[in-house]
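just a sequence and a predicted model for now, questions to come.
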Amino acid sequence: MNDFRHLWLLAAIVATGASCTAAHKLHNIKTSELRADLSLPAEQETALPSLALPEAPRDTLQIVDFEGHQTLIMNAVRDVDGEMVATDRITASYVTARFRNVAERHGRVDLEFQVRVPEEMLDSRWQIRLNPDMFVLGDSLRLDPVIITGVGYRKAQLRGYQQYQRFLNTIITDTTVFINRRDLEIFLERNLPLLYALKSDTTFVSDEAFASMYGVTEREAIEHYTYGMLVRWNKRRIGMKDAMYRRYVKAPIVSEGIRLDTVVRADNGDFIYNYVQTVNTSPKLRKVDIYLSGDIREQDRRLYTIPRSSPLTFYISSIAGLTDNTERYLQKVISRKVEANTACYIEFPQGKAGIDPRLGNNPEEIGRIKENIRGLLVNETFELDSITIAAYASPEGSRKANDALCGRRASSAVDYFGKYIKGIRDSLTHDAGVFMEIDGSGARTRTTADIRFRSRSGGENWKMLDALVASDRSLGEGARRLYDQCSSIADPDARERALSRHASYKYYREHLYPRLRIVKFDFYLHRKGMVQDTIHTTELDTVYLRGVQLIRDRDYKAALELLLPYRDCNTAVAFLALDRNASAMEILQDLPKTARTDYLMAIACSRTGDERSAVEHYLHACAQDGSFVHRGNLDPEISALIRKYQLNKEEN
């Protein structure tokens, strides 16, 4: 008995000591404002896939510099005696810088950082919940949290689930337990022996049949022999499920929506988690800030709120930043005289030439032509000089008669629309009003020039019929072959008679012939105020500008479709953005050597594994434009070479 008491006393002492240790640790954390922090991983320890640069056969590259001199580039450092010695460098496990340049590729950028928790903040009974917050273009986004759970904390969580499960096990799920089966069987045996004899029979008996036979329903009999108190007790237990869950499971285990899957302990006892967040870029995205905050918890209590860390800043670079913003212009020849044309389907009474504005679809077609004419008359750029109207007929009937009918219909259209134009011109003259001459010589009215009309007979519209037959999917190959045979007949009347003997002729008459009876309008205009017949001018190439803008908007495929005919520096940028390096190199090789083309060529060569050419082109670019020295640190294809060969340093 004494030994048992000693064990209890020892356990109490241990628990008290552990509690004091945790309280002391928490006090130290609060007084020192200890916090979790963010850091950048060393370049060679990154979890991201590294640039696949092939191993060079030696540590020294022989290149030709921008002035044509041969230069040796080696991976070397200066020793204690001042001599340059080739060496392999070992980088520290993490860096203390608060920013990093990262490159966008294919519309995305990967942000990699380390979540570091000091050893002093770790305790078996605690859970640390860390929340990275990302700030992009003025908006904030909470990333998936990182949760570090102590062994004791997890045991307490599991113990709570076990207690809750024991409570759930007390809830009765088998409803037959609530029935006093022994007393029910005695009742049936004494009062309903025939039914009792059939107790194992599965024959269904309805409540109504049961009540008519025995005076009580089956439900009433069962309720009489049910343990009511047990049922009520069980219902209360079911109603307590949520409350008991909250009582026992004070800190539920979170398995979804968290990022932590591996934790690495560093040599100094800190916990480190390598966090990688992929961000879809946008045209205005230049930098991303990451902050870290969180708290320390013991079950359902928050013990300490971790102060927000200093930000890590990622500066985003993109291939789109290498575009050439020089504007392109097109040489354009502007003619004084301009032509425009349209066609309408004016219906005429059979064999007649007069226009009936109310016939068939004429109101819509005539209204459309009037709208076109009015638009030309009030146009501020062009002056309408003349209109030629030609009427066409379908081939049925004699050619001579059709030609004459077309001529009369064209003349009728000239008369009809000539009257309309006269009314419009009078209206425009009235609206223009009276103007006084500057020299006071008198008043004058603004007039419009006379518009000349010409009419002609278009005749039978065989050319349009040929096109309709060729494009009509309702006609089979056999019908098309027969039509081609007939179309070789020189005499139009004989040709039409040959067509009428084929089965498809009815289809031609009903569906194609009506579309041939058109009236075509040709408008002849000149530019107002222009005397010369032609003017040569330049204008901004808007197609090219749109292609460059699409690169900036990260829509590289659409940009390439517009820029491909130009085959210039920006076309190469679009190819590189799509990782089509061979196509980019083919274009760059034919362009004049500039700092930009050399730099783009360096990227392409680096991607294809030609380190010597990549270094050579990069140094040429830097020699021509010093801004590419800094730019090289932004693109992984170049920064890998800078680190490997210690470029851009005076001792090299």
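Arrived safely, thanks for sending.

what helix or strand is residue 507 located in?
Of the helices and strands defined by DSSP states H and E, residue 507 is found in helix 505-507.

okay, buried residues for that helix please.
505, 507 (16 or more other CB atoms under 10 Å). Every C-beta, even on glycine, is put in place using the N, C-alpha and C of the backbone.

likewise stretch 133-146?
133, 134, 136, 146.

how long is that stretch end to end?
The stretch stretch 133-146 measures 12 Å between its terminal residues, going by CA to CA, to the nearest Å.

now what about it, what contacts it?
Residues outside stretch 133-146 that contact it (CB atoms under 8 Å, 6 or more residues apart in numbering): 111, 115, 129-132, 257-260, 273, 275, 277, 279, 282, 284-285, 288-294, 311.

of the residues you listed, keep whichever come out buried.
Of those, these count as buried by 16+ other CB under 10 Å: 111, 115, 129-132, 259-260, 273, 275, 277, 279, 285, 288-294, 311.

just those residues: which are in helices?
Applying DSSP state H to those, no entry is found in helices.

list the buried residues of the helix or strand containing residue 425.
Using DSSP H and E, residue 425 maps to helix 399-432. Neighbour-count burial for helix 399-432 flags 399, 402, 405-414, 416-417, 421, 424-425 (criterion: 16+ other CB under 10 Å).

ditto for stretch 156-172
In stretch 156-172, counting by 16+ other CB under 10 Å, buried: 156, 157, 160, 164, 167, 172.

I'd like those laid out as TSV, including distance to residue 368, pLDDT and secondary structure.
As requested, the buried residues of stretch 156-172 are exported to TSV (distance: CB to CB, whole Å; pLDDT from 0 to 100; DSSP: H, G, I helix; E, B strand; the rest coil):
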residue	distance to residue 368	pLDDT	secondary structure
156	83	85	helix
157	78	84	helix
160	80	86	helix
164	79	89	helix
167	82	89	helix
172	83	86	coil
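
with distance to residue 573 added, can I get these in JSON lines?
Shown next, in JSON lines, are the buried residues of stretch 156-172 (distance: CB to CB, whole Å):
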{"residue": "156", "distance to residue 573": "58"}
{"residue": "157", "distance to residue 573": "54"}
{"residue": "160", "distance to residue 573": "59"}
{"residue": "164", "distance to residue 573": "61"}
{"residue": "167", "distance to residue 573": "66"}
{"residue": "172", "distance to residue 573": "73"}
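
what helix or strand does the spatially closest residue to residue 504 that is not a sequence neighbour sit in?
Closest residue in space to residue 504, ignoring its immediate chain neighbours: residue 479 at 4.4 Å, by CB to CB, 6 or more residues apart in numbering. Per DSSP H and E: residue 479 is located in helix 477-487.

contacts for that helix?
462, 466, 469, 470, 475, 495, 498, 499, 502, 503, 504.

before we move on, back to that, for the helix holding residue 507, give me every contacting residue.
474, 475, 499.

do you know the pLDDT at the last one?
pLDDT, the model's per-residue confidence, is 91 for residue 499.

what does the second one give?
Per-residue confidence at residue 475 stands at 88 (pLDDT).

pull the contacting residues for it.
Residues near residue 475 by CB under 8 Å, 6+ apart: 469, 483, 504, 507.

swap in the first one?
By CB under 8 Å, 6+ apart, the contact list for residue 474 reads 507, 511.

still on that earlier bit, what is the helix holding residue 425 packed up against?
helix 362-377, strand 382-393, strand 452-460, strand 519-527 (3 or more CB pairs under 8 Å, 6 or more residues apart in numbering; DSSP states H and E).

other SSEs contacting the longest one?
By that I understand helix 362-377. With contacts taken as 3+ CB pairs under 8 Å, 6+ apart, helix 362-377 sits against strand 337-344, strand 382-393, helix 399-432, strand 519-527.

contacts for that helix, please.
Contact with helix 362-377 is made by 340, 342, 344-347, 355-357, 382, 384, 387, 417, 420-421, 424-425, 428, 448, 521, 523, 525, as judged by CB under 8 Å, 6+ apart.

quick one, which of the residues you listed are buried?
Neighbour-count burial (16+ other CB under 10 Å) is assigned, among the contacts of helix 362-377, to 344, 346, 355, 382, 384, 387, 417, 421, 424-425, 448, 521, 523, 525.

between these, which is nearest residue 34?
Nearest to residue 34 among the buried ones among the contacts of helix 362-377 is residue 382, at 79.4 Å by CB to CB.

just list whatever residues bridge to the closest residue to that closest one other than its chain neighbours.
Nearest residue to residue 382, sequence neighbours excluded (CB to CB, 6+ apart): residue 525, at 4.2 Å. In this entry, residue 525 is beta-bridged to residue 338, residue 384, by DSSP bridges.

residue 618 belongs to a strand?
No. The assignment for residue 618 by DSSP: H, G, I helix; E, B strand; the rest coil gives helix, which leaves it out of any strand.

from residue 319, how far out is it?
Going from residue 618 to residue 319 by CB to CB, to the nearest Å gives 15 Å.

the two: which is more packed in?
Neighbours of residue 618 and residue 319, each counted by other CB atoms under 10 Å, are more numerous for residue 618; the result is 30 against 23.

surely that one is in contact with residue 604?
No. Between residue 618 and residue 604 there is no contact under CB atoms under 8 Å: 11.3 Å.

re the thing from before, which residues touch the residue nearest to residue 382?
337, 338, 339, 340, 376, 379, 382, 383, 384, 385.

tell me if I'm right that the second one and residue 522 touch.
No. Taking contacts as CB under 8 Å, residue 338 lies outside contact range of residue 522: 11.5 Å.

how many neighbours does residue 27 have?
10.

now the strands: where do they sit in the stretch 501-650 of the chain?
For the stretch 501-650 of the chain, strands defined by DSSP state E, counting those that start in this stretch occupy the ranges 519-527, 534-540.

got the buried residues for the helix holding residue 479?
Buried, per 16+ other CB under 10 Å, within helix 477-487: 479, 482, 483, 486.

swap in stretch 352-370?
Quick answer for stretch 352-370 (16+ other CB under 10 Å): 353, 355, 362, 365, 366, 369.
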